[in-house]
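this is the structure alone, sequence omitted:
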Ligand SMILES: C[C@H](NC(=O)[C@@H](N)CCCCN)C(=O)O
C-alpha cells in the first residue's frame with residue numbers, strides 16, 4: 001500500500017487528508033482482527049492439522065487479494081477494505097501454520113536457520129514490493145495492474161501451499177520420523193488402541209496361542225496403553241493458555257516492544273529521512289529513499305538465516321534478544337538525536353531486526369509442549385499485531401501533536417527498545433534460574449546415536465543444561481513422541497542393511513487378527 005502511495009491517491013481521485021485516512025484504514029483493517037484471530041487459527045492448527053489449515057489460510061489470502069484488486073479496478077474503497085480484511089486474516093494465520101510446520105520438521109535440527117529462511121523470504125517479498133510495485137504502476141496498467149500482479153503472486157503462493165501440503169502428508173512425516181499432525185495422530189491412535197484391545201483379547205482368549213508374551217513385553221504394552229490414554233488428553237484446550245509459563249508471556253512482551261521499535265519506524269522512515277537529511281535536495285531524496293527504505297528489509301533478508309544458523313550452531317538464542325535491543329537503541333539514538341548520515345544506523349537497525357526475529361521465534365518450541373505449538377505461535381502473532389496496530393497510531397498522534405517532530409517519535413522507539421532490553425534481560429535471568437533451556441544447542445546430528453544419550457539428536461550441552469531436561473522418556477515431557485519416533489527411525493536408518501533380527505529386537509509385534517500384526521517400537525531407557 002505504502003509503495004503505491006501517490007499513484008493510488010491519484011487513481012482514487014481523493015484529496016490528501018481523505019487519502020491518509022483511507023491508507024490508515026487499509027493498514028488497520030489488516031492488523032486489527034489479528035489481535036484475536038491468530039489464537040483461533042492456532043487452536044485450529046493444534047486440534048485439526050497445520051497443512052489443512054494452511055490450505056484454508058492460503059485460500060483466504062488469494063480471495064482477499066482478489067477482492068482488493070476488484071476494489072482497486074472499480075475504485076471502490078469499501079471493496080478494498082473488505083479485501084484487506086480477508087487478506088490480513090489469512091496472511092497472519094498462514095504465518096502461524098507455516099511456523100508450526102517448520103517447527104515440526106526442523107525442531108531437532110536447523111530450526112533457527114529454517115525459521116530465519118522463512119523470514120528472509122518475507123523480507124525479500126517486502127523489499128521487492130516496495131521497489132517493483134511503483135514501477136509496475138508507472139506503466140500503462142497503473143495501480144490496477146500492480147494489484148492484479150499481486151493477485152497472481154498470491155496464486156503462485158497458493159500453488160506452493162498445495163505442494164507443501166503434499167510434502168507434509170502423514171506418510172512423509174512418519175517415514176522422516178517427524179511428529180504426526182494432530183488429526184492423523186488421533187485417528188491413528190484410535191486404530192492402534194483398537195488393535196491393542198483386539199490383540200490383548202485374542203491373547204487372553206486363546207490359551208493355546210502360539211505367541212507367548214514375556215512379562216517385559218506385557219509391561220511394555222501396559223506402558224504404551226498408558227501413554228495412549230495420556231496422549232488422548234494432549235489435545236490443546238483453551239484453558240491451557242492460562243497455564244503457559246511466565247517466560248512465554250515475557251517473550252510475547254519482548255515481541256511487542258521490539259517489533260514496535262522497528263516496523264512502525266520502517267513505515268515512516270521515508271518521510272523522516274527526507275525531512276531530516278534531504279530537505280534541500282528532493283531529487284536526491286526521491287532516488288535514494290527507495291533503497292534507504294528497504295535497507296532494514298534487505299539486511300534482514302540476508303541476516304535472518306545467518307542469525308538463525310548461529311543460534312543453531314552456538315545456542316544461547318535468548319541472549320541475542322537483549323543484544324538486538326541494544327543495537328536498536330544505538331540505531332534510534334543515532335537517527336533521532338545526531339546529524340550523522342543515516343546509512344550506518346539503517347544497517348544496524350536491519351541487523352537488530354534480523355537478530356531478534358531469528359532468535360525470538362525459535363525460543364517458542366522450548367517454552368511450550370508440542371501439542372501447544374500452534375496456539376503458542378498464534379499468541380505471539382497476536383502480540384506482534386498488537387504492536388503493529390497500536391504503535392503506528394501512537395506515532396501518528398505524536399506527529400500530529402508535535403507538528404511533525406520526528407525527534408519525539410524517535411524517543412518513543414528508544415523507549416520501546418529499552419523496554420525490550422529490560423524484558424529480555426528478565427527472560428534470560430529467569431531462564432538461567434530454570435536451567436537455561438532457551439540457551440541449548442540443537443546441532444545437526446552426524447555421528448551415531450549413543451543409547452545413553454538423554455535427548456534426541458547430538459547436542460553439546462553442559463551438565464546444568466542437561467539437568468533441566470527431566471526425563472526425556474516421560475510421555476508428559478515436551479517432544480516425547482517426537483523423540484521416540486526419531487530414535488526408532490534413526491536406529492533403523494543407521495544400520496546400512498538393517499538385519500531383520502536387529503529390527504525385531506527393537507519392536508514388539510502383536511497379532512491382532514488373521515494375518516495382521518501391529519508393530520510397537522520399544523522405548524529405550526538410559527543405561
Ligand atoms: C514474523 C513476522 N511477521 C510479520 O511481521 C507479519 N506481520 C507479516 C509480515 C510480512 C512481511 N511484510 C516477521 O516478518 O518478522
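Good, I have the coordinates. Note that the coordinates shown come from a computational prediction; the quantities given were computed from them, not determined experimentally.

and residue 317, how close does it get to residue 251?
11 Å (CB to CB, to the nearest Å). Using the backbone N, CA and C atoms, a C-beta is placed for each residue, glycine as well.

what touches both of the two?
Residues touching both residue 317 and residue 251 (CB atoms under 8 Å, 6 or more residues apart in numbering): residue 363.

so residue 305 touches residue 123, yeah?
No: using CB atoms under 8 Å, residue 305 is not in contact with residue 123; the gap is 10.3 Å.

show me the contacts for the most centrally placed residue in the chain.
With distances taken as CA atoms, centre = their mean, the chain has residue 99 as the residue nearest its mean C-alpha position (3.3 Å). The contact partners of residue 99, by CB under 8 Å, 6+ apart, come to 115, 118, 361, 364, 377.

skipping its backbone neighbours, what lies nearest the closest residue to the ligand within the stretch 301-450 of the chain in space?
Nearest residue of the stretch 301-450 of the chain to the ligand: residue 357, at 4.4 Å (CB to the nearest ligand atom). Leaving aside its sequence neighbours, residue 357 sits nearest to residue 119 (CB to CB, 6 or more residues apart in numbering; 5.4 Å).

buried residues, the strand or helix carrying that neighbour. List them.
Per DSSP states H and E: residue 119 is located in helix 111-138. Within helix 111-138, the residues that count as buried by 16 or more other CB atoms under 10 Å are 111-120, 122-123, 126-127, 129-131, 133-134, 136-137.

how close does residue 3 get to residue 395?
For residue 3, the distance to residue 395 - CB to CB - is 19 Å.

burial of residue 158, as a residue count?
16 (other CB atoms under 10 Å).

check contacts around it.
With CB under 8 Å, 6+ apart, residue 158 has these contacts: 58-59, 61-62.

nearest to the ligand among the residues you listed?
The nearest one, if we look at these relative to the ligand and count by CB to the nearest ligand atom, is residue 61, at 11.3 Å.

tell me the pLDDT of the residue nearest to that closest one when sequence neighbours are not counted.
Once flanking residues are discounted, residue 61 sits nearest to residue 90: 3.9 Å by CB to CB, 6+ apart. If you check residue 90, the pLDDT there is 96.

tell me how far the helix or strand harbouring residue 90 lies from the chain's centre.
Here residue 90, judged by DSSP H and E, is contained in helix 77-106. On the basis of CA atoms, centre = their mean, to the nearest Å, helix 77-106 sits 12 Å off its chain's mean C-alpha point.

tell me the angle of that helix relative to helix 111-138?
Angle, helix 77-106 to helix 111-138, by axes from the mean of the first three to the mean of the last three CA atoms, to 10 degrees: 150 degrees.

which of the residues in helix 77-106 are buried?
77, 79-106.

one more: stretch 51-69?
Result for stretch 51-69 [16+ other CB under 10 Å]: buried residues 51-69.

what about it and the ligand, any contact?
No: legend: contact between stretch 51-69 and the ligand by CB under 6 Å from any ligand atom is lacking; minimum distance shown is 11.3 Å.

from residue 334, how far off is residue 424?
21 Å.

same check, this time on residue 161
Distance, residue 161 to residue 334, by CB to CB: 41 Å.

and the two? Which one has more around it.
A direct count of neighbours by other CB under 10 Å for residue 161 and residue 334 places residue 161 higher, at 22 against 19.

hang on, isn't the more buried one packed against residue 53?
No: contact criterion CB under 8 Å: residue 161 and residue 53 do not qualify, at 10.4 Å.
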